[in-house]
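Visitor: Provide a 3D model corresponding to the input given below.
(2 chains)
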Amino acid sequence: MAGVGRERQEQVVAELPSSKIVQRRAAGRPSSINPASGSLNAPGRRTNPAGRGKWYFSGVEEKENGLRGRKAVLVELSGKDIVLLLGLQQFFPFRPVQPTAMSSATTAPLLETHDLSFSFGARPIVHELNLRVEPGSIYGFLGPNGAGKSTTMRLLLGLLRPAAGTVRLFGYDLARHRVALLGRVGALIESPSLYDHLTGRENVEATRRLRGVSAHRTAEVLALVGLAADAHRPAREYSLGMRQRLGLALALLPDPDLLLLDEPTNGLDPTGIIEMRALLRSLGHEHGKTILVSSHLISEIEKTVTHVGVIQRGRLVFQGSLPDLQRLQTGRAQLVLETENADTCRNLLPNLLGGATVAGPGTLQLPWLSREQAAELAAGLVAAGQPLYGLRQEQPTLEDTFLHLTEAVSE
Amino acid sequence: MEFTLPVAPGPFTQLGRVLVADTLKLRRTAVLWLALGGGALPVLLNFLIFYFKGQHLIKPGQNPWPQYVGMSWQTASVLLLPLFVVLLSGLVVNLENRGGWRQLLAQPVSRGAVFGSKLLLLLGLNALAQVLYVLLLLAVGVLLGWLRPELGFQNHSISLLPVLRMLGHTYVATLGILGIQYAVALAFRGFVGPLTVGIGSIVSALTLLRWEHIDLVPYAAPTRVLRLLEGNKQLSVAAALSPAEWYSLGWFALAVLVGYLLLLRRPVTD
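Guide: From the prediction side, this is the model:
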């Protein structure tokens, strides 16, 4: 089986900060591969076809000194998919970085999409999305505006019919059991759609009666979102934040096992955002709800979520636990050096600072390699008679990582 | 983790729940006022005519009821009733047009139940408005008997059966318009579209009244059934459905089918 791999041509097509993207080519008929493989930290994951007959295959490579980065392999599959996959695994030992809830193959996900695709006319919006949301997790569904988050949410609720692929909720096909499955789902899609001529309480009542939920829930959910005192007012008098909270009350009405919240912090003031976060955490951690919450700002949800999926131009560019996402940053740490004259230093120490970028008149920045690199650099600068005002390691924020992930695809 | 498939409520339970919710949504809406008060205008107009000019319309000793009922019905059926149905269906559907669809269709109820509930609501409101119209018409007739005894309303029986038959005929005649306007409202996702189609169709139907195949045009059906209203001395209305009513029922069935398919296949993007 290793022979199958060896016969293929290997070509470096791109470099990530700490590893290479290798392209492997093999002639033959394109066909599908086993989709059961997991997410980024699972043995391997099929993501997106680049075109007809080409399939991306990405995973994580573990090096001697721990995780160094991510390796992605573009494969054009022959008919012998399984053989090729096994061959690939021998060459690239994709192993779980650290077992997490997401990587457990035995756990059935509460929400799962398989190659979910959708387009408006000829314009593709969602492309072969393979989401996996485990029970009890708070899954942050991230992406810039227009990346396909809301469309995906609508597909998950059966509001739109997928062009291809399936949605499974609680292990069952949504297309076949929509009514039964949605009985356990609460949703807030974009700005909540309220009946402005009705009061807050009447809005909740309309949905409560429609869902056949017991009468006491109306007062409960209104109190939960802090609208009990304003429940008698018509919804048209509500502020954006109050509308958002009333929308959440509607979603919470059936005491759902799965909550789908599309940008729930939209229009909320800082206090409202903090309250919403606390509410989501309490719902997830204390009440055991599984929550899929979308946002275009990672900073808004990073304190709340346990798992993250990043979507860009309708494609899932990352999926894994929050620690997985944080680990992605490790390979992107920078060494920042403060001196008198950045250019002079770079000219004096071409071996050490050849790859550095000048971030300011006295600031140089270069990829962090090791502690030894920092020591060597300090010694080099002193030996060259240059002042060293500061030397520090800078970790990219999650926001940087998110931007990096989303920019990588748009390039 | 293994999950058990939740049990979906039965189709009639779903329909019942949506209908209860839809009825609740009518509170403080123009729809409700339209249905409750829509029948008042033709009655009020004819009340004024008979109150002030009744002596020119009714010969002394003549039974005023056939004339009174006929004139009122004519005022109501030719223009007001089709317009009422157009407004009613447009407004009922428009209640969901500000994002309500995505909220409604993401609930654990079938689209069939959502469609059926609004259809039943429209049929109910249409019936309510027409029944209220008849009650008001008869009440005002009695009132005219008190206020203008010389017209003789109090001296003659109302003859309820022909009035009820006429109510039935008119109701059936409006079903074609109701079905079509409901489907059009579902297709347009706004209020102006179905209103334009409705008014355009009513005007066209009234222009084409002398066409030999006018019975085919549902918007003319309420006018066409006016011919069933007969009798100078005593009101009489035939029980059998007229061709215009049969066509109206046909249009209703077709439009309901089209409307259902429209909602069933509708991608919810708003």
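
Visitor: Nearest to chain B: which residue in chain A?
Guide: Per CB to the nearest CB, A:S193 is where chain A lies closest to chain B, at 2.7 Å. Just so you know, the C-beta spots here come from the backbone N, C-alpha and C atoms, and that holds for glycine as well.

Visitor: That residue touches B:Q107, doesn't it?
Guide: No. Applying CB atoms under 8 Å, one finds A:S193 not in contact with B:Q107, separated by 11.5 Å.

Visitor: Can you list phi and psi of the residue of chain A closest to chain B for me?
Guide: phi -90, psi 110 (degrees, to the nearest 10).

Visitor: Now do the contacts for the residue nearest to it when sequence neighbours are not counted.
Guide: Spatially, and ignoring its direct neighbours in sequence, A:S193 is nearest to B:G99 (2.7 Å; CB to CB, 6 or more residues apart in numbering or on different chains). With contacts defined as CB atoms under 8 Å, 6 or more residues apart in numbering or on different chains, B:G99 is in contact with A:E190, A:S191, A:P192, A:S193, A:L194, B:D270.

Visitor: Restricted to helices, list the residues you listed.
Guide: Counting by DSSP state H, no part of those is found in helices.

Visitor: Of those, just the buried ones, PyMOL syntax please.
Guide: A single PyMOL command is used to select the members of the contacts of B:G99 judged buried by 16 or more other CB atoms under 10 Å in any protein chain shown:
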select buried, chain A and resi 190+192+193+194
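
Visitor: Which member of the contacts of B:G99 is positioned nearest B:V172?
Guide: Relative to B:V172, the closest of the contacts of B:G99 is B:D270; by CB to CB it sits at 34.2 Å.

Visitor: Quick check, pLDDT for the closest one.
Guide: For B:D270, the pLDDT comes out at 73.

Visitor: My read is that it contacts B:L105, right?
Guide: No. Counting by CB under 8 Å, B:L105 is not a contact partner of B:D270; they are 10.7 Å apart.

Visitor: Now A:G288: closest residue in space, sequence neighbours ignored.
Guide: A:G136 (5.8 Å).

Visitor: any idea which element that neighbour lies in?
Guide: Using DSSP states H and E, A:G136 maps to neither a helix nor a strand.

Visitor: do the same with A:V293
Guide: Taking DSSP H and E as the criterion, A:V293 maps to strand A:290-295.

Visitor: Point out the other helices and strands that that strand packs with.
Guide: When contacts are defined as 3 or more CB pairs under 8 Å, 6 or more residues apart in numbering or on different chains; DSSP states H and E, strand A:290-295 packs onto strand A:138-142, helix A:149-156, strand A:258-262.

Visitor: Give me the residues contacting the second one.
Guide: The contact list for helix A:149-156 (CB under 8 Å, 6+ apart) reads A:111, A:113, A:116, A:118, A:125-126, A:129, A:131, A:141-143, A:160, A:162, A:167, A:169, A:174, A:187, A:189-190, A:260, A:262-263, A:292, A:294, A:296, A:311, A:314, B:102, B:268-269.

Visitor: Pull up the gap between B:P222 and B:Q181, please.
Guide: 13 Å (CB to CB, to the nearest Å).

Visitor: hang on, the earlier thing: what residues are up against the residue of chain A closest to chain B?
Guide: A:S193 neighbours (CB under 8 Å, 6+ apart): A:G247, B:R98, B:G99, B:G100, B:W101, B:R102, B:Q103.

Visitor: residues contacting the second one?
Guide: Which is B:R98. A:S193, A:D196.

Visitor: can you do 10 Å?
Guide: A:S193, A:L194, A:Y195, A:D196, B:D270 (CB atoms under 10 Å, 6 or more residues apart in numbering or on different chains).

Visitor: Was I right to think the third one contacts B:L95?
Guide: Spelled out, that is A:Y195. Yes. Between A:Y195 and B:L95 there is a contact under CB atoms under 10 Å: 7.0 Å.

Visitor: which residues are common contacts for these two?
Guide: With CB under 10 Å, 6+ apart, A:Y195 and B:L95 have common neighbours B:K25, B:T29.

Visitor: Tell me which of the helices and strands packed on strand A:290-295 sits most buried.
Guide: Mean neighbour count (mean count of other CB atoms under 10 Å in any protein chain shown) peaks for strand A:138-142 among the helices and strands packed on strand A:290-295, with a mean of 27.

Visitor: What helix or strand is residue 180 located in?
Guide: Going with chain A. With DSSP H and E as the test, A:A180 turns up in helix A:174-182.

Visitor: sorry, should have said chain B
Guide: In this assignment (DSSP H and E), B:I180 forms part of helix B:160-188.

Visitor: Which positions in that helix come out as buried?
Guide: B:162-163, B:165-188.

Visitor: before we move on, what about stretch A:379-391?
Guide: A:G380, A:L381, A:Q386, A:L388, A:L391.

Visitor: Mind checking which of those are in helices?
Guide: Going by DSSP H, the helices hold A:G380, A:L381 from the buried residues of stretch A:379-391.

Visitor: need the buried residues of stretch A:379-391 in TSV with distance to A:S282 and pLDDT, can you?
Guide: Below are the buried residues of stretch A:379-391 laid out as TSV (distance: CB to CB, whole Å; pLDDT from 0 to 100):
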residue	distance to A:S282	pLDDT
A:G380	53	90
A:L381	51	88
A:Q386	54	88
A:L388	49	89
A:L391	43	88
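
Visitor: Output the buried residues of stretch A:379-391 as CSV; include the columns distance to chain B.
Guide: As requested, the buried residues of stretch A:379-391 are exported to CSV (distance: CB to the nearest CB, whole Å):
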residue, distance to chain B
A:G380, 57
A:L381, 57
A:Q386, 61
A:L388, 56
A:L391, 50
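
Visitor: Quick check: the residue of the stretch 51-200 of chain B nearest chain A.
Guide: Chain A sits closest to B:G99 of the stretch 51-200 of chain B, with a gap of 2.7 Å, by CB to the nearest CB.

Visitor: now the strands for the stretch 301-411 of chain A?
Guide: A:307-312, A:315-321, A:334-339, A:357-360, A:363-367, A:388-394 (DSSP state E, counting those that start in this stretch).

Visitor: Redo these as CSV? Include distance to A:H404.
Guide: Formatted as CSV, these follow (distance: least, CB to CB, whole Å):
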stretch, distance to A:H404
strand A:307-312, 10
strand A:315-321, 10
strand A:334-339, 12
strand A:357-360, 16
strand A:363-367, 13
strand A:388-394, 14
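
Visitor: For the stretch 51-200 of chain B, list the residues in contact with chain A, please.
Guide: B:95-111, B:113-114, B:117 (CB under 10 Å from any CB of the partner chain).

Visitor: Filter those residues down to the buried ones, ChimeraX style.
Guide: Here is the ChimeraX selection string for the buried members of these, based on 16+ other CB under 10 Å:
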select /B:95,96,97,99,100,101,102,103,104,105,106,107,108,109,110,111,113,114,117
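
Visitor: Filter the residues of the stretch 51-200 of chain B next to chain A down to the ones in helices?
Guide: B:G100, B:W101, B:R102, B:Q103, B:L104, B:L105, B:R111, B:A113, B:V114, B:S117.

Visitor: can you tell me which residues contact the first one?
Guide: Yep, that's B:G100 we're talking about. B:G100 neighbours (CB under 10 Å, 6+ apart): A:S193, A:L194, A:Y195, A:A206, B:K25, B:V93, B:N94, B:D270.

Visitor: Also A:G200?
Guide: Contacts of A:G200 (CB under 10 Å, 6+ apart): A:194, A:218, A:222, A:225, A:227-235, A:237-238, A:242-243, A:245-246, A:249.

Visitor: So among the residues you listed, which ones count as buried?
Guide: Buried members of the contacts of A:G200, counted by 16+ other CB under 10 Å: A:194, A:218, A:222, A:225, A:227, A:230-231, A:234-235, A:238, A:242-243, A:245-246, A:249.

Visitor: before we move on, the earlier item: would JSON lines of the contacts of B:G99 with distance to B:S201 be doable?
Guide: What follows is those, written out as JSON lines (distance: CB to CB, whole Å):
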{"residue": "A:E190", "distance to B:S201": "35"}
{"residue": "A:S191", "distance to B:S201": "35"}
{"residue": "A:P192", "distance to B:S201": "36"}
{"residue": "A:S193", "distance to B:S201": "30"}
{"residue": "A:L194", "distance to B:S201": "33"}
{"residue": "B:D270", "distance to B:S201": "25"}
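
Visitor: Right, I'll call it a day here.
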